[in-house]
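Student: can you look at this prediction? I've put the sequence above it.
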Amino acid sequence: LMSLVTISLYIILIILAISALGVNTTSLAALLAAGGVAIGAALSGTVQNFTGGLMLMIFKPFKAGDFINVQGYSGTVSEVTIVNTKIITIDNREITIPNGTLSNSNIDNYSAKPLRRVDWQIGVEYGSDADGFIALVKEILSRDSRILDAGTPGAADPFIALSQLNDHNILFTIRVWVKKDDYWGVYFDNLKAMYTELPQKGFSFAYPHMDVTISDERKDSE
């Protein structure tokens, strides 16, 4: 807004100064209009970015400090100007995205809501005890105080269910609610705990494989 007001005031100042010198501003206005059309055509991309910046400032799909995913980039918004937006990626790169492109893109804002849901999908071998698996995972999750329950507005109790019967495994879906700042800590810590403790209790992780049976045709014919 400051840059927009500054440019506008400079233009008004120039027109007033020329008018004070006795120059006919009517012909000047016509000249500026004609020049504006030519400049507008040459700077159509810049005008689009300027308009996109206004749309972002009006509707505010994100703000500085939010973690977003857009145009294939994920990072924290560091600055929003009238023509572009800068984000800092998790590996500390600065990405500058034109606002014209940004305003027409799908924006995934991870910081918009105070809570987020963490999802895991764990596959184990056929023959595993489904109820035993669910009980063990509940025990693992119960030790993490960062995981919320239905007592928190907007959250729900941890959800664990057998969701798919695949060719090579049975798949369990696990979902919990956490504060947005705890998302990755909860995800990685509990994934490690499940990887460590499930095999100790007899739950083997499944992987794609093929069973091959070799038959001796000569022996079979005898």
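Tutor: Ah, there it is.
Student: just to check, residue 124 is in contact with residue 201?
Tutor: No. Taking contacts as CB atoms under 8 Å, residue 124 lies outside contact range of residue 201: 10.7 Å. Glycine gets a C-beta too; all of them are placed from N, C-alpha and C.
Student: more neighbours, those two?
Tutor: Taking other CB atoms under 10 Å, residue 124 and residue 201 do not tie; residue 124 has more neighbours (21 against 12).
Student: contact partners for the more buried one?
Tutor: The contact partners of residue 124, taken as CB atoms under 8 Å, 6 or more residues apart in numbering, are 133, 169, 170, 172, 198, 203, 204, 205, 206.
Student: without its sequence neighbours, what residue ends up closest to the last one?
Tutor: Ranked by CB to CB, 6 or more residues apart in numbering and with sequence neighbours excluded, the top spatial neighbour of residue 206 is residue 169, at 3.2 Å.
Student: pLDDT value on the one you found, please?
Tutor: As predicted, residue 169 sits at a pLDDT of 92.
Student: thought it was touching residue 123?
Tutor: Yes. Counting by CB under 8 Å, residue 123 is a contact partner of residue 169 at 3.6 Å.
Student: more neighbours: the two, which one.
Tutor: More crowded of residue 169 and residue 123, by other CB under 10 Å: residue 169, with 20 against 16.
Student: helices of this structure, residue ranges please.
Tutor: 2-20, 25-42, 44-59, 99-103, 130-142, 183-200, 217-221 (DSSP state H).
Student: and the fourth one, what does it pack against?
Tutor: For helix 99-103, the helices and strands in contact under the criterion 3 or more CB pairs under 8 Å, 6 or more residues apart in numbering; DSSP states H and E are helix 44-59, strand 84-89.
Student: repeat that for 10 Å
Tutor: The elements that helix 99-103 packs onto, with contact taken as 3 or more CB pairs under 10 Å, 6 or more residues apart in numbering; DSSP states H and E, are helix 44-59, strand 67-70, strand 84-89.
Student: from the chain's centre, how far out does it sit?
Tutor: Averaged C-alpha coordinates place helix 99-103 at 16 Å from its chain's average position (CA atoms, centre = their mean, to the nearest Å).
Student: convert that helix to CSV, retaining C-alpha atoms only.
Tutor: Provided in CSV are the C-alpha atoms of helix 99-103 (Å, rounded to 0.1, in the frame of the first residue of the first chain):
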residue,chain,number,x,y,z
ASN,A,99,1.3,-12.3,-8.0
GLY,A,100,-0.5,-12.6,-11.4
THR,A,101,0.4,-16.3,-11.4
LEU,A,102,-0.1,-16.7,-7.7
SER,A,103,-3.7,-15.2,-7.7
